[in-house]
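[1] Predicted model, plus sequence, below.
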Amino acid sequence: MLGFLAPPILGLPPHPGPDPPGEKLFLHLIHDLDASQIKPWSLCVSVSFPLFSFKPSVFPAVPVFFLAATVPKDPANLNLDGLTLSDEGLTLNLASEPEIAAILEHCLIGRVLADREIQFAYFSERMSRAWKPGKWVTITKSVSDRYLFQFHHKVDAARVLDEGPWLYDNFHIVIDRIAPGAVANFVPLNHIDFWVQVHGLPFGFNQPKVGQGIGSFLGTLKSFDDRNSIHCSYMRIKVAIDVTVPLKKEWRVRAVNGDFVTINFKYEKLGVFCHRCGVLGHTNKKCPELFELEADDGVRDWGVFYKPAA
């Protein structure tokens, strides 16, 4: 018997040795080399939940089930309870597996926007302390620069998403949920939710529909602070910001008298970003634009004034 172990659905390396309780989904392709067998190819699927080896005290182990089917050498389309095998490849319909969606409510994926190597042991310890989960969190290194955060209660996962942005050594961490069937290195991880202060608005402009317009300019509006009012010195909105483009510095709005007024943005919990190009994740010394020049021309169009006053 010759066996093949396919990668798990999230792109993680296979677990060495026997599958522990709660191991990920694996596909086992078994090739029967015995010529005396009439049916030379068999497809076997073994599944055990939950997806990330949750501790049995938190998640009772779901019994492992086993499916076996015979596929001819020239297979026509084969469908086995959401599993389809054809000449083009294998397809698993995860919409028919509600347990997976429920498990992924406890899990997040992220990457650190940094211009230097991240020491995983320190990163894992620091983030566990910073998040202070009510249960606990297991952090594992995934492919490339990706990390998986396995919370043992979905309340902790939701709180971490809501209370961002999070920083490690002042570098931003991009965090998002995991969709069923996602491959770790293909999850975009390009947006961070920032609370943005909008300064310089004319009186009467601190209202939700104005916040919607400004939020659309900055990125995608997520929330309008309920405390915003005519008595506030600035508007506060939560916006999903694209980290691959420069931070927005200012914009113009037309006042009642027809004149344009410049409004300015300050980003709460703003960590390392380049004062030359305005992009998160690297300092001025490592800006890609700098290395396109013969020498540093000293241009710095961004600065600390995009952080709120302490």
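    Alright, I've got the coordinates.

[2] buried residues in stretch 133-142?
    Buried residues in stretch 133-142, counted by 16 or more other CB atoms under 10 Å: Pro133, Val137, Thr138, Ile139, Ser142. For every residue, glycine as well, the C-beta is placed using N, CA and C.

[3] can you tell me which of those lies nearest to Asn206?
    Distance to Asn206 across the buried residues of stretch 133-142 (CB to CB) is lowest for Pro133, with 35.7 Å.

[4] Setting the sequence-adjacent residues aside, check what's closest to that closest one.
    Closest residue in space to Pro133, ignoring its immediate chain neighbours: Asp156 at 4.0 Å, by CB to CB, 6 or more residues apart in numbering.

[5] again with Thr244
    Once flanking residues are discounted, Thr244 sits nearest to Asn190: 5.4 Å by CB to CB, 6+ apart.

[6] Any figure for the gap between that neighbour and Arg111?
    For Asn190, the distance to Arg111 equals 10 Å [CB to CB, to the nearest Å].

[7] Tell me which of the two has more neighbours.
    In terms of neighbours (other CB atoms under 10 Å), Arg111 is the more surrounded of Asn190 and Arg111; the figures are 23 against 15.

[8] The more buried one: what's it in contact with?
    Taking CB atoms under 8 Å, 6 or more residues apart in numbering, we find Arg111 in contact with Asp145, Arg146, Tyr147, Ile173, Val174, Leu189.

[9] just checking, which of those belong to strands?
    Arg146, Tyr147, Ile173, Val174 (DSSP state E).

[10] Rebuild those as CSV, extending it with distance to Gln207 and pLDDT.
    CSV is the format used below for these (distance: CB to CB, whole Å; pLDDT from 0 to 100):
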residue, distance to Gln207, pLDDT
Arg146, 40, 94
Tyr147, 39, 96
Ile173, 32, 98
Val174, 31, 98
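
[11] hang on, the residue nearest to Thr244 packs against Ile175?
    No. Between Asn190 and Ile175 there is no contact under CB atoms under 8 Å: 11.8 Å.

[12] Just among the ones in strands among the contacts of Arg111, which is most surrounded?
    Ile173 (24 neighbours).

[13] What is the nearest of the contacts of Arg111 to Cys277?
    Nearest to Cys277 among the contacts of Arg111, with distances taken as CB to CB, is Val174, at 18.0 Å.

[14] Am I right that the closest one is in contact with Ala114?
    No. Counting by CB under 8 Å, Val174 stays clear of Ala114, with 11.0 Å between them.

[15] circling back to that earlier point, what touches both of Asn190 and Arg111?
    Val174.

[16] per-domain residue ranges of this protein.
    Domain ranges of the chain: 2-97, 105-186, 191-306, per automatic domain parsing.

[17] Now do the residue sitting nearest the centre point of the chain, the pLDDT please.
    By CA atoms, centre = their mean, the chain has its centre lying nearest to Asp176, at 2.9 Å. The per-residue pLDDT reported for Asp176 equals 96.
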